[in-house]
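Visitor: sequence and predicted structure, then a few things I'm wondering about:
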Amino acid sequence: MKTLVLASPRGFCAGVTRAIEIVEKALEIWGPPIYVKHEIVHNQFVVGQLRKKGAIFVEDISEIPSGSHVIFSAHGVPPTTFDEAERLKLNVTDATCPLVTKVHKEARRYAEKGVEILYIGHRDHVEAIGTRGVAPELTTIVESVEEASAVKVNNPNKVAVLTQTTLSVDDTKEIQDTLLNRFEELQTPRKSDICYATTNRQTAIKQICSEVELVLVVGSSNSSNSNRLREVANRMGVRSYLINSQHDIEESWLDGIERVGMTAGASTPEEIIERCIARLKELGVSNVEERQIIPENVTFNIPKMNG
């Protein structure tokens, strides 16, 4: 008898729910097309559904006709993008996750004091690009322990650390500890920049790894927090795969497996998770167990949007 163990919390976080609601509300108020800078969240299914409703996703806002409505994605944008939107006479609604905005505010506060910022994150990720853009001349991105060991600053007594919100909690601690060992005066945020949803999902998957032989993480390949979940499970010694949908599940993965664990990234809709569960049942899973590790009840209000 094969058993599926579902880690909870999983799937949508408050920032993702808010961003999607903003696009849907914009379509309702102003009608299509509504332009969105970058994918609103990193999930192909969500983006596809919104595209069908009339959302147009662009990387370069100069492609957007003057006077149009544009939404900035949950990952945030640099201040220069707001300036460009104003120059192009675009009507902006900002769907940046409030927890990313918090990091932007921290960066701005440090920059105003002339404090150099060491930003732990993936330099090509859109969130990191947005945060670095707050104070580009003062911000250095640090991706690894090796980079943390070698990074140079102008004044070791005037340096701070910030992080991307979707990183591995364990990897980030290792990098931050390396920086703390090098810079005794390193200023750190009062509360971790890694968001509650990323932390909770990693904690939940760690909890169930001890009782499963295989882990499936439902999420898109460009989703940072989904990739980190797969890495966490691998690090716990459990074979794990990142799947975009039920179509990615290979029957051979379940050969000789009795207990399968499943979680989902913070931008994965419940509908896709349900389809993956149904597919596993087709492949012989007869028992589903829910593991509620941490309760989540965070919500974020959407901004005022006038018709």
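Guide: Thanks, I have it. Numbering: from 1, shown residues only.
Visitor: so which bits of the strand or helix carrying residue 232 are buried?
Guide: Residue 232 belongs to helix 224-235 when assigned by DSSP states H and E. For helix 224-235, burial by neighbour count (16 or more other CB atoms under 10 Å) applies to 224, 225, 226, 227, 228, 229, 230, 231, 232, 233. No exception for glycine: its C-beta is placed from N, CA and C like everyone else's.
Visitor: please apply the same query to stretch 272-281.
Guide: 272, 273, 275, 276, 277, 279, 280.
Visitor: now, which of those residues lie within strands?
Guide: Among the buried residues of stretch 272-281, the subset assigned to strands under DSSP state E is empty.
Visitor: can I get those residues in a markdown table with distance to residue 211 and pLDDT?
Guide: Putting the buried residues of stretch 272-281 into a markdown table (distance: CB to CB, whole Å; pLDDT from 0 to 100) gives the following:
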| residue | distance to residue 211 | pLDDT |
| --- | --- | --- |
| 272 | 24 | 98 |
| 273 | 19 | 98 |
| 275 | 24 | 98 |
| 276 | 19 | 98 |
| 277 | 18 | 98 |
| 279 | 21 | 98 |
| 280 | 16 | 98 |
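Visitor: got the CA positions of the helix holding residue 232 in PDB?
Guide: The C-alpha coordinates for helix 224-235 follow below in PDB (Å, rounded to 0.1, in the frame of the first residue of the first chain):
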ATOM      1  CA  SER A 224      13.300  30.200  -6.300                       C
ATOM      2  CA  ASN A 225      11.400  29.000  -3.200                       C
ATOM      3  CA  SER A 226      10.300  25.800  -5.000                       C
ATOM      4  CA  ASN A 227      13.900  25.000  -6.000                       C
ATOM      5  CA  ARG A 228      15.000  25.500  -2.400                       C
ATOM      6  CA  LEU A 229      12.300  23.000  -1.200                       C
ATOM      7  CA  ARG A 230      13.700  20.300  -3.500                       C
ATOM      8  CA  GLU A 231      17.300  21.100  -2.300                       C
ATOM      9  CA  VAL A 232      16.200  20.900   1.400                       C
ATOM     10  CA  ALA A 233      14.700  17.400   0.800                       C
ATOM     11  CA  ASN A 234      17.800  16.300  -1.100                       C
ATOM     12  CA  ARG A 235      20.000  17.500   1.700                       C
END
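Visitor: neighbouring contacts of the longest helix seen in the chain?
Guide: For the chain, the helix with the greatest residue count under DSSP state H is helix 14-30. With CB atoms under 8 Å, 6 or more residues apart in numbering as the contact definition, helix 14-30 has outside contacts at 34, 36, 40-41, 46, 50, 53-55, 69, 71, 73-74, 93, 95, 97-100, 195, 197, 266-267, 298-303, 305-307.
Visitor: can you show me the CA trace of that helix as PDB?
Guide: Presented in PDB, the C-alpha positions along helix 14-30 are these (Å, rounded to 0.1, in the frame of the first residue of the first chain):
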ATOM      1  CA  ALA A  14      -0.200  35.800   1.200                       C
ATOM      2  CA  GLY A  15       2.000  37.800  -1.100                       C
ATOM      3  CA  VAL A  16       1.200  35.600  -4.100                       C
ATOM      4  CA  THR A  17      -2.500  35.600  -3.300                       C
ATOM      5  CA  ARG A  18      -2.400  39.400  -3.100                       C
ATOM      6  CA  ALA A  19      -0.500  39.800  -6.400                       C
ATOM      7  CA  ILE A  20      -3.000  37.600  -8.300                       C
ATOM      8  CA  GLU A  21      -5.900  39.400  -6.800                       C
ATOM      9  CA  ILE A  22      -4.500  42.700  -7.900                       C
ATOM     10  CA  VAL A  23      -4.300  41.600 -11.600                       C
ATOM     11  CA  GLU A  24      -7.800  40.100 -11.500                       C
ATOM     12  CA  LYS A  25      -9.100  43.300  -9.900                       C
ATOM     13  CA  ALA A  26      -7.400  45.400 -12.500                       C
ATOM     14  CA  LEU A  27      -8.900  43.300 -15.300                       C
ATOM     15  CA  GLU A  28     -12.300  43.700 -13.700                       C
ATOM     16  CA  ILE A  29     -12.100  47.500 -13.200                       C
ATOM     17  CA  TRP A  30     -10.200  48.600 -16.300                       C
END
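Visitor: quick one, that helix and helix 224-235 angle?
Guide: Comparing the axes of helix 14-30 and helix 224-235 via axes from the mean of the first three to the mean of the last three CA atoms, to 10 degrees yields an angle of 150 degrees.
Visitor: next SSE downstream of helix 14-30?
Guide: Immediately after helix 14-30, counting by DSSP H and E, sits strand 34-37.
Visitor: okay, that next one in PDB with CA atoms only?
Guide: Extracted as PDB, the C-alpha positions of strand 34-37 are listed here (Å, rounded to 0.1, in the frame of the first residue of the first chain):
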ATOM      1  CA  ILE A  34      -3.600  44.900 -18.400                       C
ATOM      2  CA  TYR A  35       0.100  44.900 -18.700                       C
ATOM      3  CA  VAL A  36       2.300  43.200 -16.100                       C
ATOM      4  CA  LYS A  37       6.000  43.700 -15.700                       C
END
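Visitor: alright, calling it a day.
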